[in-house]
Each structure stands twice: as C-alpha cells, then as structure tokens.
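Enquirer: here is my input; please provide its structure:
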Amino acid sequence: MDHDCSDTWGHLRTLPAEQRLVSLGDCTHGGVLRHWASAGNSEERSRVAFNPYTPADAVRQLAADPSAHVRMQVCFNPNAEPDVLAALLLDPSPEVQDAIRCAFDTEIGHVLRRGSRTAIYKGDDLD
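Expert: The predicted model follows:
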C-alpha cells in the first residue's frame with residue numbers, strides 16, 4: 001500500500017458527488033483507488049477503472065464489474081494485464097467489445113493505453 005490512505009479516503013467521502021468523481025479521476029494513491037474499486041457506485045468505479053494509477057489487482061477486479069460502462073473503462077487502463085484484456089475482447093456487451101477494439105485500433109486508444117490523459121484534438125480550430 002502506498003501509505004496510510006485513511007485520511008484521503010475519509011476526505012473523499014465528504015466531498016459532493018461531482019467533486020468526488022474529479023478527485024477519483026486525478027487520484028495517484030493506489031490504496032485509495034483500490035478501496036474505491038469496490039466501495040464506490042458504478043460512476044465512481046468507472047473513474048477508478050479509467051485512472052492510470054489504479055493498481056493491476058484493482059483493475060482486474062473492475063474488469064468483472066457488473067456495469068458494462070466500468071468494464072469499458074478498463075480497456076483503456078495501462079495496468080490492465082493481457083489476460084484481462086483478452087477476456088474483455090470476449091465480453092458479452094457489444095459496447096465493451098467496441099471499447100477494447102478502440103483501445104488497440106485507434107490513435108487515441110493507444111495514447112490512453114499508455115496512460116496519458118491529455119486530450120488530443122486534430123480537427124478544425126474551435127473559434
């Protein structure tokens with residue numbers, strides 16, 4: 001475990017839902033993310049599944065989540081191990097199958113699989 005995360009975990013519990021989601025997406029503490037992988041609601045677990053700092057054991061757990069949206073986010077996590085990704089390729093949800101293909105067949109998917117969470121935009125200016 002990274003350190004005693006009880007203060008951070010307690011603080012997250014007190015935040016309004018939207019702020020908690022942002023914090024879970026930005027969190028770098030494996031122990032906190034591991035906790036929220038099983039304790040949060042599906043939206044919170046989705047943020048944890050997408051977070052590149054989520055430890056591999058928690059990512060594995062999230063790959064079996066009942067929510068297809070959570071499993072979709074695992075496809076883009078750089079800590080998802082090959083056997084986890086292979087299982088997601090056979091997932092019964094078409095959305096999860098699309099996500100796993102996107103993770104490996106698109107430029108943005110490759111960027112996300114490397115752990116980058118910086119947006120890439122190559123279209124026209126947004127003026």
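
Enquirer: so how far is Thr14 from the residue positioned nearest the centre of the chain?
Expert: The residue lying closest to the centre of the chain (Cα atoms, centre = their mean) is Phe50, at 1.6 Å. Phe50 sits at a distance of 23 Å from Thr14 (criterion: Cβ to Cβ, to the nearest Å). Placement of C-beta: from N, CA and C, glycine included.

Enquirer: so which elements touch the helix or strand hosting Val59?
Expert: Here Val59, judged by DSSP states H and E, is contained in helix 56-62. Helix 56-62 sits against helix 30-39, helix 42-50, helix 68-74, with contacts defined as 3 or more Cβ pairs under 8 Å, 6 or more residues apart in numbering; DSSP states H and E.

Enquirer: mind running it again at 10 Å?
Expert: helix 30-39, helix 42-50, helix 68-74, helix 82-89 (3 or more Cβ pairs under 10 Å, 6 or more residues apart in numbering; DSSP states H and E).

Enquirer: CA-only coordinates of the first one in PDB, if you can.
Expert: Included here for helix 30-39 are C-alpha records, laid out as PDB according to Å, rounded to 0.1, in the frame of the first residue of the first chain:
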ATOM      1  CA  GLY A  30      -3.100   3.100  -5.200                       C
ATOM      2  CA  GLY A  31      -4.600   2.300  -1.800                       C
ATOM      3  CA  VAL A  32      -7.400   4.800  -2.200                       C
ATOM      4  CA  LEU A  33      -8.100   3.700  -5.700                       C
ATOM      5  CA  ARG A  34      -8.100   0.000  -4.600                       C
ATOM      6  CA  HIS A  35     -10.700   0.900  -1.900                       C
ATOM      7  CA  TRP A  36     -13.000   2.800  -4.300                       C
ATOM      8  CA  ALA A  37     -12.800   0.000  -6.900                       C
ATOM      9  CA  SER A  38     -15.100  -2.000  -4.600                       C
ATOM     10  CA  ALA A  39     -16.800   0.700  -2.500                       C
END
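
Enquirer: please consider this matter closed, and thank you.
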